[in-house]
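**Student:** pasted the sequence and its predicted model underneath.
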Amino acid sequence: MFDAIVVGARCAGASTAMLLARKGHRVLVVDRSTFPSDVISTHFLWPHGTSYLNRWGLLDRVLASTPSHTVINLVNDGIALSGTVPVDLLRQYFQQVHGDDAGVVQRYASVRRRVLDKLLVDAAVEAGAEVREGFVVEELISEGNRVVGIRGRTREGTRVEERARIVIGADGRNSFVARSLKLPKFDERLKCTFAYWSYFSGFNLETAQLHRRGRLGMAVVPTNFGQNMTLVWGPSEWSETFRRDVVGNFQRGLDFVSPEIGELVRTRGERQERFYGTLDQAAFLRPLYGPGWVLVGDAECFKDQCTATGMTHAFRDAELAATSLDAWLSGRQPLEEALKHYESRRRSQSAAAYYDYVCTLAEMRPLRHDELQLFVVLRGNQEETNRFIATHADIAPVSEFFQASNLFLLNDAAKESSRGHAVFENFEATSRMYQQNFFAA
Ligand SMILES: Cc1cc2nc3c(=O)[nH]c(=O)nc-3n(C[C@H](O)[C@H](O)[C@H](O)COP(=O)(O)OP(=O)(O)OC[C@H]3O[C@@H](n4cnc5c(N)ncnc54)[C@H](O)[C@@H]3O)c2cc1C
């Protein structure tokens with residue numbers, strides 16, 4: 001009998017298992033994968049992502065083999081912004097979500113999943129969790145309506161049954177746990193992006209480059225093994241055409257979004273691996289918990305990769321869920337009450353607003369004139385640029401940066417510095433667009 005069984009041993013699962021094991025609980029974590037291994041995902045971490053790793057004492061291990069930087073470059077239709085996330089906003093984020101701001105760092109890093117997930121699995125083992133790789137969960141065991149364990153198959157093909165006080169589904173967007181429980185998906189957003197990426201050596205851009213033009217995006221991010229993760233994405237309705245000639249269209253996409261980077265990749269880039277791709281990233285939410293089970297990470301909330309926050313959100317869920325479950329397993333709180341705390345953070349208005357922000361961006365509409373004006377205005381205002389970057393990454397609330405009064409102030413300041421020329425044509429429309437469904441939980 002375990003205290004907790006975790007299904008899935010990557011960003012959400014290995015982290016949850018590690019944190020619970022560190023609190024002294026008896027944890028089994030299983031994954032059908034073996035480690036090290038990759039998963040269909042690019043792997044950019046914003047500063048709250050690296051801060052989680054730092055809080056858990058793992059960042060130094062990651063940075064021992066992974067390049068990192070403190071500034072990123074965002075370019076929208078040729079309007080370049082460069083900035084970082086302010087420490088005070090990072091502190092506020094951790095205070096609000098977790099009640100303390102230990103471990104905050106202003107680092108961006110892009111860690112191959114074969115590096116990161118292995119490191120997390122090792123950390124779970126070090127913490128005392130039992131990890132079984134190559135283990136496929138095939139059935140949930142229930143008593144009445146309560147989940148009490150799992151049945152599965154080991155790497156050697158042996159059928160095994162294990163029981164626990166709680167089963168944690170950290171098994172990704174196609175979660176077996178969620179499907180077995182017939183959990184509904186809700187607030188589904190079908191409009192999403194397609195994405196193709198590979199790994200190039202032969203050049204060094206020093207920091208992460210995230211560019212957009214029209215309905216296409218492009219990112220180049222330095223990663224492990226002296227390579228650059230190089231990505232092109234666009235609206236999913238274009239995916240069928242794109243995939244007819246991935247190699248050619250990838251280069252065409254780079255050239256369109258950033259002619260300079262397109263040329264750099266064409267003339268100096270040496271592709272080290274095949275192209276990876278995904279055509280469907282339609283977003284959804286699932287219920288968070290029920291009798292004997294909890295979901296964390298993509299199993300509970302999957303959304304488009306266009307803001308690259310899934311891994312960081314998996315870390316957030318791991319820490320929130322582990323804190324709540326520890327309060328219950330240690331006898332300090334009844335289970336229902338403990339999980340209400342997890343729910344209050346995951347179903348907050350600001351979480352709903354960010355989900356909406358990502359899903360809106362994932363439609364990849366061309367940026368409107370007033371949206372472009374916003375980037376023009378930000379170019380002269382480093383403080384607000386940094387606040388925009390923090391908002392885009394879900395460190396500062398969408399509702400604060402995009403409230404009409406803030407856009408109005410930015411507009412006024414820009415008018416002053418542009419000698420009275422209007423800068424925004426329609427700031428109220430910009431504000432409304434980013435806040436639509438803001439109150440829908
Ligand atoms: C194209 C793309 C690009 C992305 N880029 C980024 C990015 O740059 N930055 C970022 O932060 N996020 C990114 N994401 C999102 C990120 O990959 C996910 O949010 C993250 O992997 C979620 O972690 P997880 O642990 O919840 O699930 P997963 O990483 O999916 O892990 C789930 C695990 O569960 C295991 N499992 C499933 N079923 C079973 C079973 N029956 N028995 C045993 N084991 C099982 C699987 O083997 C798997 O190892 C991207 C996603 C995509 C699709």
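**Tutor:** Everything's here; your move. Just so it is clear, the structure is predicted and the values come from calculations on it, not from any experiment. Residues are numbered from 1 along each chain as shown.

**Student:** quick one, domains of the protein?
**Tutor:** Split into domains by automatic domain parsing, the chain comes to 2-68+107-186+282-348, 193-278, 369-435.

**Student:** residue 49 in helix, strand or coil?
**Tutor:** helix (DSSP: H, G, I helix; E, B strand; the rest coil).

**Student:** just checking, it touches residue 308?
**Tutor:** No - counting by CB atoms under 8 Å, residue 49 does not reach residue 308; the two are 9.0 Å apart. The way it works is simple: take the backbone N, C-alpha and C, and place the C-beta from them, glycine included.

**Student:** comparing these two, which residue is more hemmed in?
**Tutor:** Taking neighbours as other CB atoms under 10 Å, residue 49 and residue 308 compare with residue 49 leading, 28 against 24.

**Student:** ok, back up a step: most packed of the domains of the chain?
**Tutor:** domain 2-68+107-186+282-348 (a mean of 21; mean count of other CB atoms under 10 Å).

**Student:** any idea how far that domain is from the middle of the chain?
**Tutor:** 14 Å (CA atoms, centre = their mean, to the nearest Å).

**Student:** for residue 72, see how far away residue 335 is.
**Tutor:** Counting by CB to CB, to the nearest Å, the separation of residue 335 from residue 72 is 41 Å.

**Student:** spell out which residues of the stretch 101-250 of the chain are next to the ligand.
**Tutor:** Contact residues (CB under 6 Å from any ligand atom) of the stretch 101-250 of the chain with the ligand: 136-137, 170-172, 176, 195.

**Student:** show me where the stretch 201-350 of the chain has its strands.
**Tutor:** Using DSSP state E, counting those that start in this stretch, the strands of the stretch 201-350 of the chain run over residues 208-213, 216-223, 227-235, 270-271, 276-278, 283-285, 289-290, 293-295, 301-302.

**Student:** any chance of those in JSON lines, with mean pLDDT too?
**Tutor:** Converted to JSON lines, these look like this (pLDDT from 0 to 100):
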{"stretch": "strand 208-213", "mean pLDDT": "93"}
{"stretch": "strand 216-223", "mean pLDDT": "96"}
{"stretch": "strand 227-235", "mean pLDDT": "96"}
{"stretch": "strand 270-271", "mean pLDDT": "98"}
{"stretch": "strand 276-278", "mean pLDDT": "95"}
{"stretch": "strand 283-285", "mean pLDDT": "98"}
{"stretch": "strand 289-290", "mean pLDDT": "98"}
{"stretch": "strand 293-295", "mean pLDDT": "98"}
{"stretch": "strand 301-302", "mean pLDDT": "98"}
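
**Student:** so which of these gets nearest residue 163?
**Tutor:** Residue 163 lies closest to strand 293-295 among the strands of the stretch 201-350 of the chain, at 13.2 Å (CB to CB).

**Student:** any part of the closest one near the ligand?
**Tutor:** No - Strand 293-295 does not reach the ligand (CB under 6 Å from any ligand atom); its nearest approach is 9.1 Å.

**Student:** partners of that strand, with directions?
**Tutor:** strand 159-169 (parallel), strand 289-290 (antiparallel) (DSSP bridges).
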